[in-house]
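> Build the 3D model from these lines:
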Amino acid sequence: MAEPPILSWEGLSLQQGGSWLFRDIDLHVGPRDRLALIGRNGAGKTTLMKLVADQIEADHGKRTIQPHTRVVMLEQEPDFGPHDTLMDFALHGDDAPQPFEVEAIAGQLGIDMSRDAKTASGGEKRRAAIARALAQDPDVLLLDEPTNHLDLGAIDWLESWLQRYKGAFLVISHDRTFLERLTRATLWLDRGSLRRKEIGFGGYDAWIEQVYAEEARAADKLDAKLKIEAHWLERGVTARRKRNQGRLEKLWQMRAQRAAMLAPKGTAKLAIEADDSKTKAVIVAEGVAKRFETPDGEQRTIIRNFDLRVQRGDRIGIVGANGAGKTTLLKLLTGEMEPDEGTVTLSKTLNGVMIDQQRALLSPDKTVRQVLAEGGDWIDVRGNRKHVQGYLKEFLFDPGLVDAKVGTLSGGEQSRLLLAREFARISNLLVLDEPTNDLDLETLDLLQEVIADYEGTVLIVSHDRDFLDRTVTLTLGLDGSGDVDVVAGGYADWEKKRKVRTDNTARSKKKTAPPPPPPPPPPPGKLSYKDQRDYELLPDRIAELEKAIARGEEILSDPDLFSSDPARFERVSKGIGTARAEKEAAEERWLDLAERVEG
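Here you go, the predicted structure:
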């Protein structure tokens, strides 16, 4: 028997701009639901999530929530402006978590919460926002594009945390792999209505194809030409997906051809089988190395002994954790940065376009027509003249938006408009830096199609695993060591290569290496480097824990807390217990070290 919902909206309706964004929809969240919220940019996904979080008011409808249910929302772009540090941001508000609760999660995410909020990167801010949200111990967790600005390691950590999470979550994401791994039911917000299907995101495509097919049959039976015209976008999406199946087959063939060109040893150097290959090469890197000086004056090698011959028509993905060197490698390959060793030679005919989703370059006061066609009716698309309204349809816009102000578009629509403008330029090299941020799934399908049909060379930096698997012919994988893996295929192919290498290394060590002898005990009064660090730092850590325990006990001293907010009472009590256990372990460790020093 299904458990009753802990949060519900019934008859939910909301007007926006004089029209109904959605009307008379019902939404129920069970205590262990794993829900994907899907819909086109502008459909109202984030608005619906804010209604669930009770951040905005509806025009009609009834919201019901079980007592003491804690709802926490991870916003796509939280406001860090009023806060000096990331920790200040994490601790703001009436329901803020305790500092030690935030630090426990921040440590696992690898983020320094004392970082200045004004100078923190997008990835650091995203980690801080995640730490704040998870530390609040929610019963219902609302996640709006949680993987934006995260590197692959942080995405893996968040996936693991959510798999262990005991509560319910509702997630908006363009990351197909993330959704497929985590969700068990799908909510589809489409043209003002909300449909629910008890399938994870893996079954979403087949489901919407079935819905569109049924609607098309109904429209044909009624001979409703106006209704059919209203469905031009959905029919286009259906046809696009079918065309993309053919493109994927072509992609597999290109990967097989590229694999055959790799040097036998599987290194980054590509074999040249004929003089004709030289004429097709647009970027040639030979023996490339790049180093940077660290703050402590040491030299860190970012790229070493890197060889690559980029052919005309290659579609190359660059992947790796933040700080592994993805941006450095991209700048080396495009000539923006000079190597310390080796050479990078670019074809004299190379004409590149950089698409990095800088929506700030779009003036909010300009119209769509002005952005695309300088106010006219026609736009030159890579040498071909097209009517601006027809071109808008190719990028999934309603042609009626041609005179809309950029500032009235959603973030995803602005990103799509930027793509439309940049793809119109004449070029033979496309450079895309995290192109999937803020794009809905249908726009991602379109972007895959445009890249597949592009006749030039494409370089893509992305953390979107599914997008890379569907798009690139070669993957350049960086692990931070300075070495660069060159793999024919996408992210999944690189992941397989890493796993095989790791397994082989482990087997080799097991066969050849004798078990290491136990380390000799340190002489009295002599500590190892780690022991010495613990001996020096533990007193400060113990003092911090004592303060945290005192703050928690002060909160619990409120006699009305248990009756007014039992969830917070339980959370603070649990936090105090964790802090006391850590303090006791720290004290025992320090006393042991102190005895060795004195002995």
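> now the residue nearest to Q98 when sequence neighbours are not counted: how far from M354?
Setting aside the residues directly before and after it, Q98 is nearest to G575 in space (Cβ to Cβ, 6 or more residues apart in numbering), at 5.1 Å. The way it works is simple: take the backbone N, C-alpha and C, and place the C-beta from them, glycine included. Per Cβ to Cβ, to the nearest Å, G575 is found 47 Å from M354.
> do A324 as well
21 Å.
> Compare neighbour counts for the two and give me the winner.
A324 (22 against 16; other Cβ atoms under 10 Å).
> Look up phi and psi at the more buried one.
With angles defined as degrees, to the nearest 10, A324 sits at phi -80, psi -20.
> And the pLDDT at it?
Looking at A324, its pLDDT stands at 86.
> cool, and A239?
54.
> next one: L329
You'll see L329 listed with a pLDDT of 94.
> For it, give me its contacts.
302-303, 306, 318, 476, 478, 484 (Cβ atoms under 8 Å, 6 or more residues apart in numbering).
> In CSV, list those along with neighbour count, pLDDT and distance to E214.
Converted to CSV, these look like this (neighbours: other Cβ atoms under 10 Å; pLDDT from 0 to 100; distance: Cβ to Cβ, whole Å):
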residue, neighbour count, pLDDT, distance to E214
I302, 22, 91, 54
I303, 22, 94, 53
F306, 27, 95, 53
I318, 24, 96, 42
L476, 25, 96, 44
L478, 23, 92, 47
V484, 25, 94, 49
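> got the buried residues for stretch 490-497?
Neighbour-count burial for stretch 490-497 flags 490-491, 493-495, 497 (criterion: 16 or more other Cβ atoms under 10 Å).
> give the contact list for I172.
37, 45-46, 49, 76, 143-145.
> Against Q76, how distant is it?
I172 is 8 Å from Q76, by Cβ to Cβ.
> remind me, longest helix of this protein?
helix 566-598 (DSSP state H).
> Just the mean pLDDT for the host helix or strand of K499, thanks.
With elements taken from DSSP states H and E, the one containing K499 is helix 491-512. Mean pLDDT, computed over helix 491-512, is 79.
> and the helix or strand following it, what does it pack onto?
Next along the chain after helix 491-512, taking DSSP H and E as the criterion, comes helix 529-556. The contact analysis (3 or more Cβ pairs under 8 Å, 6 or more residues apart in numbering; DSSP states H and E) places helix 529-556 against helix 99-109, helix 566-598.
> T505 is nearest to which of those helices?
helix 99-109 (25.4 Å; Cβ to Cβ).
> For that closest one, list every residue counted as buried.
99-106, 109.
> for stretch 196-204, same thing?
The neighbour-count criterion (16+ other Cβ under 10 Å) identifies 197, 200-201, 204 as the buried residues of stretch 196-204.
> Can you select the buried ones from the contacts of I172 in ChimeraX?
Selection of buried members from the contacts of I172 for ChimeraX, criterion 16+ other Cβ under 10 Å:
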select :37,45,46,49,76,143,144,145
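> returning to that earlier point: CSV please, covering the buried residues of stretch 196-204 and showing secondary structure.
Formatted as CSV, the buried residues of stretch 196-204 follow (DSSP: H, G, I helix; E, B strand; the rest coil):
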residue, secondary structure
K197, strand
G200, coil
F201, helix
Y204, helix
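> Flag whichever of those residues scores worst on pLDDT.
Pick the lowest pLDDT in the buried residues of stretch 196-204 and you get Y204, at 88.
> The nearest residue in space to that one that is not next to it in sequence: what's it in contact with?
For Y204, ignoring the flanking residues on the chain, the nearest one in space by Cβ to Cβ, 6+ apart is T186 at 5.3 Å. Listed by Cβ under 8 Å, 6+ apart, the contact set of T186 reads 35-36, 38, 196-197, 199-201, 203-204, 207.
> and which of those is nearest to L12?
Out of the contacts of T186, the member with the shortest distance to L12 (by Cβ to Cβ) is R196, at 13.4 Å.
> for the closest one, phi and psi?
When read as degrees, to the nearest 10, the backbone of R196 gives phi -130, psi 140.
> host element of the spatially closest residue to it that is not a sequence neighbour?
Once flanking residues are discounted, R196 sits nearest to L187: 5.4 Å by Cβ to Cβ, 6+ apart. Per DSSP H and E: L187 is located in strand 185-190.
> Could you do F22 as well?
Going by DSSP H and E, F22 is in strand 19-29.
> next one: M354
strand 352-355.
> Which element is encountered next along the chain beyond that strand?
For strand 352-355, the succeeding helix or strand toward the C-terminus, using DSSP H and E, is helix 368-373.
> Give me the secondary structure label for G61.
strand.
> what sits against it?
9-13.
> Skipping adjacent residues, who's closest to it in space?
Using Cβ to Cβ, 6+ apart, the nearest residue to G61 is L12, at 3.7 Å.
> related to what we said a few turns ago, for K166, state which of the buried residues of stretch 196-204 is nearest.
Nearest member of these to K166, counting by Cβ to Cβ, is G200, at 18.5 Å.
> All set, thanks.
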